[in-house]
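I would like to see how this sequence folds:
(one chain, ligands or ions: 1)
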Amino acid sequence: MPSRIRREVRAKDIPGQKEMKQVFHQMVAEERLPHAMLIHSNEGGTGLALALHLSQLLFCEQPEAGEPCEICSGCTRTMSHTHPDIHHVFPVNGNKRVKKKEDRHSDSFLPEWREAIKANPFLELIDWYQAIEIENKQGFIGEEESASMRRKLALRSFEGGYRVFIIWHADKMNDSFANKMLKNLEEPTAKTVFLLVSENPAKLLPTIISRVQIFREDHVDEQELADFLVKHKGLDPQVAMNIAFRSEAHVSHALKEIDRDEDPWLTEFKMWMRLAYSRDISGLYKWSERMARKSRDAQRQYCKSALKVLDRCYRMGWLEMNVPMEGEEAKFYKDFSPFINTANVGGFLELLEEVSFHIERNVNEKIVWFDASISAVRYVHAGKKLMAEKD
Ligand SMILES: [Zn+2]
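Model prediction:
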């Protein structure tokens, strides 16, 4: 994978979110931080980066104009993610190294976590699962995490000041953790801040939601993201704008695109369409088996990516809309987009929504994908037929 420029992305360098940063700054300056907060992050957005930024502000000894100084001991320890009063909680599962059930909590994965968020504070859940090699399983925040948190809460903060628990992808907490968490929220301890980050707060218990103050991440606009890519990744402004446009201002996707020749989901999608076009049933069966081996999160992500590709094809081909693009990817869109038209776009969109729905509900994935593949054959050929008629 060719890597153009790899500059560290610092938490204070967050695209957009000016208002929220201002609110955070004010709350810290006036010492009226709620003890339970939830950052409702966009998908692949800046929620974690905002949580890290807020923690750094809280521990910075001499913030300037709403920005942490980056040189005091509070800042340096926050930036290296080794501050003893900042606790990180995130979804985990057993892997090759961590096997025992009682070790399945965040502290067992701290070295990997520090490395991952230092490299990219905009990482997605799927990147994290990859980093700890649990791609085929679901991560969770469970009983072992409760026990670990209880031990920490029983102690005072190391430095006598605040202590912060950042709970990333808080919606991955199971009921056991959620019930313990609820107690912590009901009986707040002085100077203890719970900072929940979630892309999916609807999955949290309503009793938890009712006890946290919610901060909704703003939509990052394409210009803000492009500016960010120019400033922090050294991209040419036109290239940055193209990437911001294609990623639909999805921060994490944009960053990934810089380091990759192509979106891996697009490669997967192309293969699916090629097999469907050539009515290669045994190929589609193998493809379905391979998809079914990926984690449920990865499969759902594939559905989302495929939906975007289809939507873009429809807009480009049938509506003859121009999308800024260059290289191999442009060629694919140019060749394939005429196949996606009124004969199949609705069916395709429904199909992928349905697949995503079934996967979420633990239906046998291999069957779901194979069924979907058979429908895909029908849809691709319906599109081809209409295309021929149009010509
Ligand atoms: Zn500082």
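
return the distance of whichever strand or helix holds Lys304 from the chain's centre.
Here Lys304 sits within helix 296-317, counting by DSSP states H and E. Relative to its chain's centre, helix 296-317 lies at 16 Å (C-alpha atoms, centre = their mean, to the nearest Å).

residues near Glu133, how many?
By other C-beta atoms under 10 Å, 13 other residues sit near Glu133. Heads up, the C-betas are built off the backbone N, CA and C, glycines and all.

quick one: it and the ion, what's the gap?
35 Å (C-beta to the ion, to the nearest Å).

sorry, back to before: what about the helix holding Lys304, average pLDDT?
Averaged across helix 296-317, pLDDT comes to 87.

in the chain, which spans are strands?
Secondary structure of the chain, counting by DSSP state E: strands at 36-40, 86-89, 163-168, 192-198, 213-216.

save those as CSV, and put in mean neighbour count and mean pLDDT too.
Formatted as CSV, the strands of the chain follow (neighbours: other C-beta atoms under 10 Å; pLDDT from 0 to 100):
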stretch, mean neighbour count, mean pLDDT
strand 36-40, 22, 98
strand 86-89, 24, 97
strand 163-168, 24, 97
strand 192-198, 25, 97
strand 213-216, 15, 97
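
quick revisit: so what touches the helix holding Lys304?
Residues outside helix 296-317 that contact it (C-beta atoms under 8 Å, 6 or more residues apart in numbering): 125-126, 129, 135, 138, 248, 263, 265-266, 268-269, 272, 291-292, 294, 321-323, 333-334, 336-341, 345, 348-349, 352-353, 355-356, 359-360, 362, 365, 369.

among those, which lie within helices?
Among the contacts of helix 296-317, DSSP state H puts 125-126, 129, 265-266, 268-269, 272, 291-292, 333-334, 336, 345, 348-349, 352-353, 355-356, 359-360, 365, 369 in helices.

show me which of those residues are buried.
125-126, 129, 265-266, 268-269, 272, 291-292, 333, 336, 345, 348, 352, 355-356, 359, 365, 369 (16 or more other C-beta atoms under 10 Å).

for the chain, what lies in contact range of the ion?
Remark: the part of the chain in contact with the ion comprises Cys60, Pro68, Cys69, Cys72, Cys75, using C-beta under 5 Å from the ion.

what is the neighbour count of the residue of the stretch 151-300 of the chain at minimum distance from the ion?
Here the stretch 151-300 of the chain gets closest to the ion at one residue, Gly161, 13.3 Å apart by C-beta to the ion. Counted by other C-beta under 10 Å, the residues lying close to Gly161 total 11.

how much space separates it from Thr192?
According to C-beta to C-beta, to the nearest Å, Gly161 stands 11 Å off from Thr192.

same check on Leu182?
Taking C-beta to C-beta, one finds Leu182 at 15 Å from Thr192.

tell me where the model's unsure across the stretch 201-350 of the chain.
Counting by pLDDT under 70, the stretch 201-350 of the chain shows low-confidence ranges at 259-263, 318-327.

can you do 90?
219-223, 229-250, 252-268, 293-298, 300-302, 304-305, 308-309, 311-335, 337-338 (pLDDT under 90).

please apply the same query to the stretch 51-200 of the chain.
63-70, 79-80, 118-120, 126, 135-138, 155-161, 187-190.

the same query, at a cut-off of 50, please.
Applying pLDDT under 50 to the stretch 51-200 of the chain flags no residue at all.

for Asp371, what are its contacts?
Contacts of Asp371 (C-beta under 8 Å, 6+ apart): none.

check the one 10 residues further on too.
Contacts for His381 were tallied using C-beta under 8 Å, 6+ apart; they are Tyr277.

what do you get if the cut-off is 10 Å, keeping everything else the same?
Residues in contact with His381 (C-beta atoms under 10 Å, 6 or more residues apart in numbering) are Ala276, Tyr277, Arg279, Phe339, Ala343, Asn344.

the first one: neighbour count?
Meaning Ala276. Quick note: Ala276 (other C-beta under 10 Å) scores 24 neighbours.

thought it was touching Leu351?
No. Counting by C-beta atoms under 10 Å, Ala276 stays clear of Leu351, with 11.3 Å between them.
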